[in-house]
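Asks: let me see the structure of the following:
(one chain, ligands or ions: 2)
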Amino acid sequence: MRVLRLGLPSGGVERVARVTRRATCQCGQLAIECEGDPVRISVCHCLDCQRRSGSSFAAQARFLIERVTITGEARHWTRFGDEGGQGDMYFCPTCGSNVFYKLPAQPDLVAVAVGAFADPTFPQPDYSVYEGRKHAWVEIVGEGIDRYD
Ligand SMILES: [Zn+2]
Ligand SMILES: [Zn+2]
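Replies: Ligands and ions are numbered 1, 2, ... in the order given. Got it, this is the predicted structure:
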């Protein structure tokens, strides 16, 4: 985890400040504020995530649920993956943006759609999954990415 150390001018005393990032839907009424760095950043090429995101692949960052604050109205829809895993997909009922999801198998985490941060400097993914369903023109580049078919 990246931690910023801020020295105070009065000297000697140091406090630790964590990065806080805010993701929102397109209309802005649904927001999730995330304190600290994500515990995992992944892209998923599965067909369900293509439909969820409306894009040719989805990127999401998982945060500890105790470090996020959700404001606004969200609705959710429950999907079951190929292997039976359940996912609760939360979206804005006004603009329809998919903002985050929860996996009952990982109750301490929430996965936030990276695009909802609207931050091109957001850290890059560590994992690229379902590469077997990746569009031929997509390439996830970077050092040390764990790849799964
Ligand atoms: Zn919205
Ligand atoms: Zn997926």
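Asks: where along this structure do the strands fall?
Replies: For the chain, the strands defined by DSSP state E cover 4-7, 14-17, 20-24, 31-35, 40-44, 58-64, 68-71, 75-80, 86-91, 98-102, 109-113, 127-129, 146-147.
Asks: residue 128 and residue 122, how far apart?
Replies: 16 Å (CB to CB, to the nearest Å). The C-beta positions use only the backbone N, C-alpha and C, and glycine is treated the same way.
Asks: neighbour count for those two, which is higher?
Replies: Applying other CB atoms under 10 Å to residue 128 and residue 122 shows that residue 128 carries more neighbours, namely 22 against 16.
Asks: please report the distance of the residue nearest to the more buried one when sequence neighbours are not counted from residue 98.
Replies: Spatial nearest neighbour of residue 128, chain neighbours left out: residue 140 (4.4 Å); criterion: CB to CB, 6 or more residues apart in numbering. Using CB to CB, residue 140 is found at 20 Å from residue 98.
Asks: of these two, which one has the most company?
Replies: Shown here are residue 140 and residue 98; by other CB under 10 Å, residue 98 has more neighbours (21 against 17).
Asks: which bits of this protein sit near ligand 1?
Replies: Contact residues, the chain versus ligand 1 (CB under 5 Å from the ion): 25, 27, 29, 92, 94, 95.
Asks: if we go to 6 Å?
Replies: Residues of the chain lying near ligand 1 by CB under 6 Å from the ion: 25, 26, 27, 29, 30, 92, 94, 95, 97.
Asks: shaky segments in the chain?
Replies: 1-17 (pLDDT under 70).
Asks: enumerate the residues of it near ligand 2.
Replies: Applying CB under 6 Å from the ion, we find that the chain lies next to ligand 2 at 44, 46, 48, 49, 130.
Asks: residue contacts, residue 63?
Replies: Contact analysis of residue 63 by CB atoms under 8 Å, 6 or more residues apart in numbering lists 34, 35, 36, 38, 39, 109, 110, 112.
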